[in-house]
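Colleague: sequence and computational prediction follow.
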Amino acid sequence: MTPNEISIALYRDKAAGYDRSAEFTMPLRRRTIALLQLQRGQTVLDVGAGTGLSYALLREGVGAEGRVLAFEQSPEMFAVARDRVAQAGWTNVWHANAPAETVQLPELADAVLFNYTHDICRTPQAVANILRQLRPGARVAMAGIKFFPWWTGPLNLLAWLKNRPYNAKPADLWQPWSIVAAQCDDFRWSSTQWGMGYVASGVYRGPAQKQGNMP
């Protein structure tokens with residue numbers, strides 16, 4: 001199975017109870033979204049949006065005149081998000097059931113949220129596809145699980161066990177933000193959850209400019 005197929009399988013049985021299980025991390029979700037410094041009228045992208053738990057918070061930031069873009073590859077998780085949007089009657093939410101490597105957004109985004117999207121953040125093709133659909137200067141905010149400092153030794157087994165039920169790449173936890181951070185300026189991160197988690201933010205610098213031949 002590919003990593004994407006493994007991820008879809010992992011979430012197949014989690015969709016129905018996901019919102020309840022995510023209540024514990026809602027304060028962290030709010031803290032991460034606050035790092036985006038959203039403004040009314042902006043377009044914000046929710047990466048690997050799951051059941052759409054961040055939609056209402058993101059809509060609060062961009063207002064009725066702004067737009068929320070999102071995608072989720074798990075059919076079961078996306079079905080919950082689709083019902084959420086329909087029941088709320090939100091007309092400024094665009095979302096798709098698609099993988100990060102190939103999703104095509106209808107417009108460029110001014111900000112992007114990576115909330116507990118470990119497999120996506122550790123897949124260069126996925127990160128490249130997402131970032132190319134951001135405006136230069138877009139705000140980036142991230143949250144997720146990481147290893148404890150190396151000197152804690154066996155404690156990192158706990159982080160691995162915590163990550164394993166949700167991700168196809170549960171061991172790649174030393175600097176899970178590094179691929180995204182390499183494309184950002186002013187990137188900063190801090191520990192959460194007594195060292196087993198992180199929040200981070202930065203500013204996407206935009207695609208590298210190609211230099212022409214010197215005369």
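Modeller: Sure thing, it's come through.
Colleague: centre-most residue in the protein?
Modeller: Of all residues in the chain, the one closest to the mean position by CA atoms, centre = their mean is residue 114, 1.8 Å from it.
Colleague: now the helix or strand containing residue 81: buried residues?
Modeller: Take DSSP states H and E as the rule and residue 81 turns out to sit in helix 75-88. Within helix 75-88, the residues scored as buried using 16 or more other CB atoms under 10 Å are 76, 77, 78, 80, 81, 82, 84, 85. The C-beta positions use only the backbone N, C-alpha and C, and glycine is treated the same way.
Colleague: and what of stretch 97-113?
Modeller: Applying 16+ other CB under 10 Å to stretch 97-113 flags 97, 99, 100, 101, 103, 105, 109, 110, 111, 112, 113 as buried.
Colleague: pull the CA coordinates from that stretch and hand them back as PDB.
Modeller: Presented in PDB, the C-alpha positions along stretch 97-113 are these (Å, rounded to 0.1, in the frame of the first residue of the first chain):
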ATOM      1  CA  ASN A  97     -12.000  15.200  -1.700                       C
ATOM      2  CA  ALA A  98      -8.500  15.100  -3.100                       C
ATOM      3  CA  PRO A  99      -4.900  14.200  -2.100                       C
ATOM      4  CA  ALA A 100      -2.400  16.900  -1.300                       C
ATOM      5  CA  GLU A 101      -0.100  15.900  -4.200                       C
ATOM      6  CA  THR A 102      -2.600  16.700  -6.900                       C
ATOM      7  CA  VAL A 103      -5.300  19.000  -5.500                       C
ATOM      8  CA  GLN A 104      -6.000  22.000  -7.700                       C
ATOM      9  CA  LEU A 105      -7.300  25.100  -5.900                       C
ATOM     10  CA  PRO A 106      -9.700  27.500  -7.600                       C
ATOM     11  CA  GLU A 107      -7.500  30.500  -6.500                       C
ATOM     12  CA  LEU A 108      -4.300  31.400  -4.700                       C
ATOM     13  CA  ALA A 109      -4.500  31.500  -0.900                       C
ATOM     14  CA  ASP A 110      -3.300  34.300   1.400                       C
ATOM     15  CA  ALA A 111      -2.700  32.000   4.300                       C
ATOM     16  CA  VAL A 112      -2.400  28.200   5.000                       C
ATOM     17  CA  LEU A 113      -3.100  26.000   7.900                       C
END
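Colleague: many thanks, have a good one.
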